[in-house]
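[1] build me a structure from this.
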Amino acid sequence: MRKFICNGKSFPLGERAYIMGILNVTPDSFSDGGRYNSLKTALKHTEEMLINGADIIDIGAVSTRPFSEKVTEELEWERLSETLPAVKKEFPEAVISVDTTSPLVAEKSLLAGADIINDVSGIFLSDMAEVIKKYDCGWVVMHGGISVRKTEEIVSFPKGIVTDINDFFTEMLEKAENCGIPHSRICFDPGFGFSKTNEQNRELLENFGKLRKNACALMCALSRKRFIREKAGDREEDIVRLTVEADRFAIENGADIIRVHDVKEHFERRF
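    This is a model prediction of the structure:
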């Protein structure tokens, strides 16, 4: 049986999809920046997400929206250092992911109780791999990278978007294996919204079932992304509805984990 294993905790794959609820402790994230960057609001939102069906809480202290300001490792950890231990203390059974590209912040987070590192760098860093191996945690590896934070750079797909992303997964898996990290500790994310046009994002979703997982978990993280919002317009309920529909399609086509802002609305669909 395929499993995603993180810090001794096991998620059997293929039985159902798991919900990763987003907790941004940032002032400038694209959807909810500033809403949960106090300890009180962060703990309340975490509790709500867990009650509403979240299997994993993903804490992020750096915005990855286009043109967001660069944050130092010191500031990133300052934002996490109060919230992460408090979440772990208040909800000791919760599975905690930290959204970071910094090996230093990743190690500090794992020491503070994190179980998963959600790495959106889009590159293989040997320092990060060593941290992942050392702490026996889960590792989310994303295609596309964070270049869109400062630019509108778009990745070209000479072999087609699915083939190129599958090639990236294969390359990253081989490098992880060479570092001694097993398949069961890796979750791949095709990177909706990262260095991709709205048209490319739609093509990627339409062909989600063609993404190759090998024995690894596969995550879909398209919650409230621009290509969803563009189709939905300004109505909040339409944005949520279209996100849920897109995630349902991804699950039907092989997604093991969905990363979402709106946990309750997704759980009510019994994902």
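
[2] show me the shaky parts of the stretch 51-200 of the chain.
    Filtered on pLDDT under 70, the stretch 51-200 of the chain yields the residue ranges 64-69, 146-154.

[3] quick one: the strands in the stretch 101-250 of the chain?
    116-119, 138-142, 186-189, 217-220 (DSSP state E, counting those that start in this stretch).

[4] which strands and helices sit next to the host helix or strand of residue 45?
    Assessed by DSSP states H and E, residue 45 sits inside helix 39-51. Using 3 or more CB pairs under 8 Å, 6 or more residues apart in numbering; DSSP states H and E, the elements in contact with helix 39-51 are strand 18-24, strand 56-60, helix 73-90, helix 263-267. In this view, the C-beta of every residue, glycine as well, is placed from N, C-alpha and C.

[5] reformat the ones you listed as CSV; add mean neighbour count and distance to residue 175.
    Output for the helices and strands packed on helix 39-51, formatted as CSV (neighbours: other CB atoms under 10 Å; distance: least, CB to CB, whole Å):
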stretch, mean neighbour count, distance to residue 175
strand 18-24, 26, 24
strand 56-60, 25, 24
helix 73-90, 17, 23
helix 263-267, 20, 32
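
[6] can I get those in a markdown table including distance to residue 111?
    Shown next, in a markdown table, are the helices and strands packed on helix 39-51 (distance: least, CB to CB, whole Å):
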| stretch | distance to residue 111 |
| --- | --- |
| strand 18-24 | 19 |
| strand 56-60 | 15 |
| helix 73-90 | 10 |
| helix 263-267 | 27 |
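
[7] of all the ones you listed, which one is nearest residue 214?
    Set against residue 214 and scored by CB to CB, those come closest in strand 18-24, at 18.5 Å.

[8] what strands flank the closest one, and is each parallel or antiparallel?
    Here strand 18-24 has these sheet partners by DSSP bridges: strand 56-60 (parallel), strand 257-260 (parallel).

[9] give me the mean pLDDT for the shortest one.
    To tie it back to what came earlier, the one meant is strand 257-260. Strand 257-260 carries an average pLDDT of 98.

[10] chain center to it: distance?
    Centre-to-centre, strand 257-260 and its host chain are 7 Å apart (CA atoms, centre = their mean, to the nearest Å).

[11] cool, the first one as well?
    Taking CA atoms, centre = their mean, one finds strand 56-60 lying 8 Å from the centre of the chain it belongs to.

[12] ok, stretch 42-60 next?
    Counting by CA atoms, centre = their mean, stretch 42-60 is centred 14 Å from the centre of its parent chain.

[13] can you list contacts of it?
    11, 18-26, 29, 35-36, 80, 83-84, 86-87, 90-91, 94-100, 114, 116, 118, 257, 259, 263-264, 266-267 (CB atoms under 8 Å, 6 or more residues apart in numbering).

[14] likewise stretch 106-118?
    Contacts to stretch 106-118, defined as CB under 8 Å, 6+ apart, come from residues 6-7, 9, 56, 58-60, 77, 80-81, 84-85, 88, 95-100, 119, 128, 131-132, 134-135, 137-140, 142, 187, 189, 259.
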